[in-house]
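K.L.:
how would this look folded up:
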Amino acid sequence: MANPRRVVIENHRLLSPLINLLKKPQAIPLLLFFFLFLTWITLRLQHSSHVSSSSSHPKSTLKSHPDLKNLDDDDKVNLVRFGLASLSPVRKDDRGWLLDPVILARDSQLKGGASSCVSIHVGEIRPGGLRGNHRHHTCNETFVIWGAKTRFRLENHKVEKGYAEVLIGEDEVAVAVSPSGTAHALVNVDPVRSTFFIGCQDSDMQNNSSTSDYKIWKDL
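P.N.:
All right, here's what the predicted structure looks like:
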């Protein structure tokens with residue numbers, strides 16, 4: 001059995017030259033180099049970990065993420081989309097998802113939507129069907145759209161053809177706003193599923209159809 005005292009003496013004898021070196025001013029550059037080397041090693045390890053994590057999610061998967069794709073076109077149609085499987089402001093649990101159209105549009109920084117739900121309608125669009133294709137002059141409107149592949153078109157004079165449109169996936173919930181005086185249309189392009197939507201208007205439009213224009217786009 002080794003003598004503990006002898007072990008301590010041997011360790012002290014081995015470490016003494018290093019301790020004496022560290023006490024000298026010449027040791028400062030050496031210590032700085034050592035800490036820089038440790039920092040470099042740490043950064044390299046973090047980078048390698050990040051690369052390996054990214055490689056497990058192909059670019060096609062990242063591009064298809066509902067919160068990352070078509071962002072430019074989504075801006076042009078005043079729309080924000082949320083994937084049902086992702087964490088998002090669309091609150092989701094085992095029962096399904098739940099949202100407030102006005103608050104979600106506001107929190108998503110969509111401008112020009114309904115300030116309140118004075119008039120509200122819920123609807124279905126069967127495959128190949130169309131809703132909207134009109135323009136309201138006396139109300140702002142906020143939409144929630146889900147259930148099927150749906151084309152949403154919004155009048156936008158900043159775009160060359162006068163409107164912008166996007167495709168909403170069947171696994172997404174989209175919130176869109178149509179300011180007063182802006183035409184909009186929803187088209188179900190899904191071969192099987194029905195599109196469902198909520199339209200929330202901040203003015204009573206039931207008896208005020210004279211302030212709306214209809215059949216805006218002839219190609220729909």
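
K.L.:
Now the element after the helix or strand of the chain with the lowest mean pLDDT, going C-ward?
P.N.:
The helix or strand of the chain with the lowest confidence, counting by mean pLDDT, DSSP states H and E, is helix 59-63 at a mean of 33. Downstream of helix 59-63, the first helix or strand assigned by DSSP states H and E is helix 71-76.

K.L.:
Report all helices and strands that that following helix contacts.
P.N.:
strand 163-168 (3 or more C-beta pairs under 8 Å, 6 or more residues apart in numbering; DSSP states H and E). Backbone N, C-alpha and C define where each C-beta goes, glycine included.

K.L.:
What about residue 125, how many residues nearby?
P.N.:
By other C-beta atoms under 10 Å, the residues close to residue 125 number 22.

K.L.:
mind checking pLDDT for it?
P.N.:
Reading off the confidence values, residue 125 has pLDDT 98.

K.L.:
quick one: contacts for it?
P.N.:
Residue 125 makes contacts with 131, 148, 150, 186, 187, 188, 194, 195, 196, 197, as judged by C-beta atoms under 8 Å, 6 or more residues apart in numbering.

K.L.:
Can you report phi and psi for residue 123?
P.N.:
phi -150, psi 170 (degrees, to the nearest 10).

K.L.:
Okay, strands next: where are they in this structure?
P.N.:
79-83, 91-93, 96-98, 119-125, 130-136, 141-146, 150-155, 163-168, 172-178, 183-188, 195-201, 212-214 (DSSP state E).

K.L.:
Now do the last one: everything it contacts.
P.N.:
Spelled out, that is strand 212-214. With contact meaning C-beta under 8 Å, 6+ apart, strand 212-214 is reached by 133, 134, 135, 136, 137, 183, 205.

K.L.:
With distance to residue 127 added, can I get those residues in CSV?
P.N.:
What follows is the contacts of strand 212-214, written out as CSV (distance: C-beta to C-beta, whole Å):
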residue, distance to residue 127
133, 17
134, 21
135, 25
136, 26
137, 31
183, 23
205, 27
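
K.L.:
among those, which ones are buried?
P.N.:
133, 134, 135, 136, 183, 205 (16 or more other C-beta atoms under 10 Å).

K.L.:
Kindly indicate which of those residues lies nearest residue 116.
P.N.:
Checking the buried ones among the contacts of strand 212-214 against residue 116 by C-beta to C-beta gives residue 205 as the nearest, at 13.7 Å.

K.L.:
pLDDT score for that closest one?
P.N.:
On pLDDT, residue 205 comes in at 67.

K.L.:
now swap in residue 26 and tell me
P.N.:
On the pLDDT scale, residue 26 is placed at 61.

K.L.:
Good, we can wrap up now.
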